[in-house]
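> Quick one, what's the 3D model for this:
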Amino acid sequence: MTRGRIRARLRRSHLHPFSCLRPNANNEEPHPLSGPGFSRIVHCNRPDRHLKKPLKYCSNYISTTKYNIATFLPKALYEQFYRVANFYFLVAAGLSLTAVAPFSPVSMIAPLAFVVGISMLKEALEDWRRFAQDMKVNSRKASVHKGDGVFGYKPWQKIQVGDVVKVEKDQFFPS
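Numbers count the residues shown, from 1 in each chain. Presented below is the predicted three-dimensional model:
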């Protein structure tokens, strides 16, 4: 019984060394990664050609920050109140605003505001450090071929698809 299964598996196998022995060699479909969404055309030292609509590639700018000016407050508040303890104290502070609360609302709101404020300040400081580090990385210089065998320096964020970058030993180079 096991011999029959092995033979059946070998018959269905597509791992034949020669295409003439491969079953259904005439009906082969193209590889799924060879379509227009996956193939790329790169023109070396012709960055103007990559700016046209069908060949527009993403920039080499690096950004690892979580927030920007517009999204800091909503995202940071969401992250703070996503924590169960902070959400619990938010609900308790909301309930302390009612007339039947046995304690004053300030005694619940002040500590919550202090803890959330300090945490948001810490997040803002960490994100600012990430931004400064990104700017340092983006402003590093790389040796790029300008034409006729001449190399010049260009910031990493300005490097485009098709630029020929000179890589030297023990030095960082852009991705």
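
> going forward, measure contacts between C-alpha atoms and count neighbours the same way
OK.

> hang on, residue 127 packs against residue 68?
No. Using CA atoms under 8 Å, residue 127 is not in contact with residue 68; the gap is 9.0 Å.

> Who has more neighbours out of those two?
Neighbours around residue 127 and residue 68, counted as other CA atoms under 10 Å, are more numerous at residue 127. The numbers are 18 against 13.

> ok, the more buried one to residue 65 distance?
From residue 127 across to residue 65, the span is 6 Å (CA to CA, to the nearest Å).

> Ok, residue 175 next?
Distance of residue 175 to residue 65, computed by CA to CA: 18 Å.

> For the two, indicate the residue with more neighbours.
Taking other CA under 10 Å, residue 175 and residue 65 do not tie; residue 65 has more neighbours (15 against 7).

> Isn't the more buried one up against residue 131?
Yes. Counting by CA under 8 Å, residue 65 touches residue 131, with 6.0 Å between them.

> Show the subsequent helix or strand relative to the helix or strand of the chain with the lowest mean pLDDT.
With mean pLDDT, DSSP states H and E as the measure, the helix or strand of the chain carrying the lowest mean pLDDT is helix 2-12 (a mean of 60). Scanning forward in sequence from helix 2-12 by DSSP states H and E, the next helix or strand is helix 72-82.
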